[in-house]
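S.K.: missing the sequence, but the structure's below:
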């Protein structure tokens, strides 16, 4: 086991946290498994954070590992996906994979959710997201 969690907490603070900027709530969910003996991400905490969804135009959930990854038991994966659609999450942003991936999903009631992995900075990739009154734009760029 490495000391990454210790270093992170000392530098940044809480592993699960949220903040609001303009009319968007960003929720950061810790789902690193290796350094925590494969524990399950705290989806109960996530659901509590999603409760005030109606107060914001946009809701973004950020985590490191995509829940589609085979590391997650199907029950965990299904609950995460259900939460995303039940609370009409606008976008889900993941890391972990090093190539950019952009998907748009539509729920049964017609809500749209953007899911993406921005890519790796070491590949000179980054993404600029714009949350405005007309919607969300995702612009992948190289430097």
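M.R.: That came in fine, so what should we check first? What you are looking at is a predicted structure, and each value in this text was computed from that prediction instead of being measured.

S.K.: Against residue 28, how distant is residue 90?
M.R.: Taking C-beta to C-beta, to the nearest Å as the measure, residue 90 falls 15 Å from residue 28. To be clear about C-beta, it is placed using only N, CA and C from the backbone, and glycine gets the same treatment.

S.K.: Regarding this structure, what is its longest helix?
M.R.: Using DSSP state H, we find that the single longest helix of the chain is helix 74-86.

S.K.: which residues sit against that one?
M.R.: 40-41, 43, 46-47, 50, 61, 67-68, 72, 89, 92, 105, 107, 111, 113 (C-beta atoms under 8 Å, 6 or more residues apart in numbering).

S.K.: which one of those residues has the most neighbours?
M.R.: If you count neighbours using other C-beta atoms under 10 Å, the busiest of the contacts of helix 74-86 is residue 61, which has 26 neighbours.

S.K.: Tell me what residue 130 is bridged to.
M.R.: residue 137 (DSSP bridges).
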